[in-house]
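Novice: Model the structure of this input:
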Amino acid sequence: MKRYLHLLIGFGALAGQWALAAEAKPAEKTYLRFQEKEKGAALEVGIISMQHKVTGAKVDLVGAVHIGDQAFYEELNKAFKKYDSVLYEMVKPADVDPGNLPKDRPQSGVGIIQKFMKSQLDLAYQLDVVDYGAKNFVHADMTTKQFEKRQQARGENMFKLMFKMMQHDLAQRSKGRGAADISTLELIRALLSPTRSVELKYLLARQFNEMERITAGLDADGGSVILTDRNKVALRVLKKQLQGGKKNLAIFYGAAHFPDMEKRMIDKMGFERKGVRWMTAWDLPARKKLPSLKTPKLQSPPVPAPKQ
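Specialist: Sure thing, here's the model as predicted:
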């Protein structure tokens, strides 16, 4: 169960207000990656360039990591200005303007996890930095009522989704797939380190690649509201934008949504993948060597000599 606890924390960082991940794909279909470098490392998100085969309309799938470097979000704000429309994810009440969210706004369970991780990892929170009030930003997600109604119709809740993920993970592990868990010793070392935020980021960044595989089960057996149904909503909005004459668009969604979303765009909407470029969401400095933590050996009590 410890495994799923730290994966749930990782899910909070990646998934957005409600999003989970989709099925892991081969290397050329990676949407998120952890890169070791000569001096340090980086957690990178992909920007997938799609183009319509007939009209030539371009759509970039811009991966979101919901806690990240301040510089990452500032770079996104600059990049978003070049698009005709930026379609964004956010399950919210219909009358809420994300461009004017109060600082003391109530948080969802996932939002609370994200806020906690922001403080522990010395990162910025996406909702605090990205300019959701930009004129070209278009809401492309469910409202809170739509989401709740759809979940009720499916009989879906967070506990069932977690169980579904666990079942899929166990099945994959029985086939020898999957990365090693974060050990308790590794976690203790990171928490006690003088560079705690850096060490924790290294541990979690390595696990984020694993998230796509762990949550692949959500796309099975008719999919889920949290992934499949929300992707359908986003693509309906995309169709409307294209019909309105927009030619250069971005879909700004959690990177975990893109395996399913890209497949739908290729199979049902006439798009093709043209390329991918990468942005650094977490720029990690080189790690300092930590002292090893050794488990003390238990010595057996002396055995008294037999009486003569």
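
Novice: all contacts plus neighbour counts: C-alpha atoms, from now on.
Specialist: Fine.

Novice: which stretches of the stretch 1-150 of the chain have low pLDDT?
Specialist: For the stretch 1-150 of the chain, the stretches flagged by pLDDT under 70 are 1-28, 102-119.

Novice: all strands in it, in order from the N-terminus.
Specialist: Using DSSP state E, counting those that start in this stretch, the strands of the stretch 1-150 of the chain run over 32-37, 40-52, 58-64, 67-68, 85-88, 124-125, 137-139.

Novice: Give the buried residues for the longest one.
Specialist: Buried residues in strand 40-52, counted by 16 or more other CA atoms under 10 Å: Ala41, Ala42, Leu43, Glu44, Val45, Gly46, Ile47, Ile48, Ser49, Met50, Gln51, His52.

Novice: Which elements pack onto that strand?
Specialist: strand 32-37, strand 58-64, strand 271-284 (3 or more CA pairs under 8 Å, 6 or more residues apart in numbering; DSSP states H and E).

Novice: Of all the residues in the longest one, which ones are buried?
Specialist: If I follow you right, that is strand 271-284. Residues Phe271, Glu272, Arg273, Val276, Trp278, Met279, Thr280, Ala281, Trp282, Asp283, Leu284 are the ones in strand 271-284 that count as buried (16+ other CA under 10 Å).

Novice: Pipe the strands of the stretch 1-150 of the chain into a markdown table and attach distance to Asn157 per row.
Specialist: Listed next are the strands of the stretch 1-150 of the chain as a markdown table, based on distance: least, CA to CA, whole Å:
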| stretch | distance to Asn157 |
| --- | --- |
| strand 32-37 | 26 |
| strand 40-52 | 28 |
| strand 58-64 | 24 |
| strand 67-68 | 24 |
| strand 85-88 | 23 |
| strand 124-125 | 26 |
| strand 137-139 | 24 |
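
Novice: Looking at the ones you listed, which is nearest to Pro194?
Specialist: Among these, strand 40-52 comes nearest to Pro194, with 17.0 Å by CA to CA.

Novice: Dump that closest one to CSV, restricted to CA.
Specialist: Taking Å, rounded to 0.1, in the frame of the first residue of the first chain, the C-alpha atoms of strand 40-52 are listed here in CSV:
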residue,chain,number,x,y,z
GLY,A,40,22.0,17.7,-12.8
ALA,A,41,18.8,16.4,-14.4
ALA,A,42,15.4,17.6,-15.7
LEU,A,43,11.8,16.6,-15.7
GLU,A,44,10.6,17.6,-19.2
VAL,A,45,7.2,17.8,-20.8
GLY,A,46,6.6,17.3,-24.5
ILE,A,47,4.8,19.7,-26.9
ILE,A,48,3.4,17.5,-29.6
SER,A,49,2.9,19.2,-32.9
MET,A,50,-0.2,17.9,-34.8
GLN,A,51,-1.4,19.0,-38.3
HIS,A,52,-4.6,18.4,-40.2
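
Novice: Adjacent strands (with direction) for that strand?
Specialist: Strand pairing for strand 40-52, determined by DSSP bridges: strand 32-37 (antiparallel), strand 58-64 (antiparallel), strand 271-284 (antiparallel).

Novice: The last one - what's its average pLDDT?
Specialist: What that stands for is strand 271-284. The average of the pLDDT scores along strand 271-284 is 95.

Novice: which other residues reach that strand?
Specialist: With contact meaning CA atoms under 8 Å, 6 or more residues apart in numbering, strand 271-284 is reached by 40-53, 65, 68-69, 72, 198, 201-202, 265-266.

Novice: ok so, going back, closest to Gly99 out of the strands of the stretch 1-150 of the chain?
Specialist: Proximity to Gly99 (CA to CA) singles out strand 137-139 among those, at 9.5 Å.

Novice: Just name whatever secondary elements the closest one is in contact with.
Specialist: Going by 3+ CA pairs under 8 Å, 6+ apart, strand 137-139 lies up against strand 85-88.

Novice: try 10 Å
Specialist: Packed against strand 137-139, as judged by 3 or more CA pairs under 10 Å, 6 or more residues apart in numbering; DSSP states H and E, are the following elements: strand 85-88, helix 230-243, strand 248-254.

Novice: Nearest to Lys58, out of these?
Specialist: Counting by CA to CA, Lys58 lies closest to strand 248-254 out of the helices and strands packed on strand 137-139; the figure is 5.0 Å.

Novice: Quick check: mean pLDDT of the closest one?
Specialist: Strand 248-254 comes out with an average pLDDT of 96.
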